[in-house]
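Chemist: model this:
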Amino acid sequence: MFSFDYRDVSFAHKLGFASSPKDEFHKHMHHFYEVIYFERGNVQFHIEGLTRTLLPGDIVFIQPGQFHFASVDREVDYQRYVCKIPEEALPPHLRERALKFGSFFASCESLAPLLEDIEEFSKQFEGEDMRSLAICKIIELLIRLCDKESIRLEEKKESVAQGLVNYIEEHLREPLDLESLADAFHYSPSYVATSFRKEMHVSLISYVRGKKIMAAHSLILHGMKPSEAAALMGFGDYSTFYRTYQKYLGTAPSVTKRSNGEQDE
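Modeler: Predicted coordinates:
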């Protein structure tokens, strides 16, 4: 329908279906903010163990480093706006407020014109001008979301997987392997691994590595040397960190550092 992709900003008005036989959009995490405005379809969206069946007018807000994916009924059109902007594009005060956001917001029809404006801008602007206008509108949308309450999903007894998600977040700078995580919860490694994959749809070790890499990326982006970020996130061997960083982010740590105006080590 419409898409704009320039440097580190992406905006699209999409109509489509799931791309895999399992009716699931790609399971992943990334280092930027993503905002999805849902228009129509039959979609369940999963973020960090939380699941919401989307309704027209819902907004999905994905923080940098959050694992997520969508389960989609391919028999029904899936229409939505998708906006992606880098963490550093948000002013510090809004970044701090966004940390308190929930993942899902209902009845956001009043914010749709902001997204329609971006689509209209594309008819007149391009490149840096279009990027700046898109960022301004997305920032306005997030500021207006600050006045809305996120959806409080029905609380469930904490599962093994959700307990692990919380534990990993609190101990991200420590060595985290299958055995140590199993010991922390007094379960066998096989039970922990199976329970996590069943609920989160990703292996426990892949999840931990992704979380550590996203945290390291943020540290490098804010001025830390790549080698220091690697050590802080528990990577004893820098070459392993380098390869893992490239696998998850598609670029080298030094490139992230230079993009923030820093010089190589």
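Chemist: got the residue ranges for the helices in the stretch 101-250 of the chain?
Modeler: All helices of the stretch 101-250 of the chain, identified by DSSP state H, counting those that start in this stretch, fall at 112-121, 127-145, 160-170, 178-185, 189-200, 204-221, 226-232, 238-249.
Chemist: Turn these into CSV, columns for mean neighbour count, mean pLDDT and distance to Q63.
Modeler: Yep, even glycine has a C-beta here, placed from its N, CA and C like the rest. Below are those laid out as CSV (neighbours: other C-beta atoms under 10 Å; pLDDT from 0 to 100; distance: least, C-beta to C-beta, whole Å):
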stretch, mean neighbour count, mean pLDDT, distance to Q63
helix 112-121, 17, 96, 20
helix 127-145, 17, 97, 12
helix 160-170, 17, 92, 11
helix 178-185, 15, 95, 22
helix 189-200, 17, 94, 16
helix 204-221, 21, 94, 10
helix 226-232, 19, 95, 19
helix 238-249, 16, 93, 16
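Chemist: how about those, which one is nearest F45?
Modeler: Nearest of the helices of the stretch 101-250 of the chain to F45, taken as C-beta to C-beta: helix 189-200 at 14.0 Å.
Chemist: quick one: contacts of the closest one?
Modeler: Identification of contacts with helix 189-200 by C-beta atoms under 8 Å, 6 or more residues apart in numbering yields 49, 67, 159-162, 164-165, 178-179, 181-182, 185, 187, 202-204, 207.
Chemist: Could you rerun that using 10 Å?
Modeler: Residues outside helix 189-200 that contact it (C-beta atoms under 10 Å, 6 or more residues apart in numbering) are 27, 46, 48-49, 51, 67, 69, 159-165, 168, 177-188, 202-208.
Chemist: by how many degrees do that helix and helix 204-221 diverge?
Modeler: Interaxial angle of helix 189-200 relative to helix 204-221 (axes from the mean of the first three to the mean of the last three C-alpha atoms, to 10 degrees): 70 degrees.
Chemist: And the strands in the stretch 1-150 of the chain, which stretches?
Modeler: 2-6, 9-16, 32-40, 43-47, 50-53, 59-62, 68-72, 78-86, 104-105 (DSSP state E, counting those that start in this stretch).
Chemist: strand partners of the fourth one, parallel vs antiparallel please.
Modeler: Strands flanking strand 43-47 in the sheet, each with its direction: strand 50-53 (antiparallel), strand 68-72 (antiparallel) (DSSP bridges).
Chemist: Figure out which of the strands of the stretch 1-150 of the chain is closest to L249.
Modeler: Of all the strands of the stretch 1-150 of the chain, strand 32-40 comes closest under C-beta to C-beta, at 10.5 Å.
Chemist: sorry, back to before: quick one: the helices of the stretch 101-250 of the chain as JSON lines, columns for distance to V60 too.
Modeler: Converted to JSON lines, the helices of the stretch 101-250 of the chain look like this (distance: least, C-beta to C-beta, whole Å):
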{"stretch": "helix 112-121", "distance to V60": "13"}
{"stretch": "helix 127-145", "distance to V60": "11"}
{"stretch": "helix 160-170", "distance to V60": "18"}
{"stretch": "helix 178-185", "distance to V60": "28"}
{"stretch": "helix 189-200", "distance to V60": "17"}
{"stretch": "helix 204-221", "distance to V60": "18"}
{"stretch": "helix 226-232", "distance to V60": "29"}
{"stretch": "helix 238-249", "distance to V60": "21"}
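Chemist: so which of these comes closest to F104?
Modeler: helix 127-145 (11.1 Å).
Chemist: The closest one - contacts with which helices or strands?
Modeler: Packing contacts for helix 127-145, counted by 3 or more C-beta pairs under 10 Å, 6 or more residues apart in numbering; DSSP states H and E, involve strand 2-6, strand 9-16, strand 32-40, strand 59-62, strand 78-86, helix 92-98, helix 112-121.
Chemist: Deepest-packed of the ones you listed, please.
Modeler: strand 59-62 (a mean of 22; mean count of other C-beta atoms under 10 Å).
Chemist: Give me the distance between that one and the centre of its chain.
Modeler: Relative to the centre of its chain, strand 59-62 is centred 9 Å away, using C-alpha atoms, centre = their mean, to the nearest Å.
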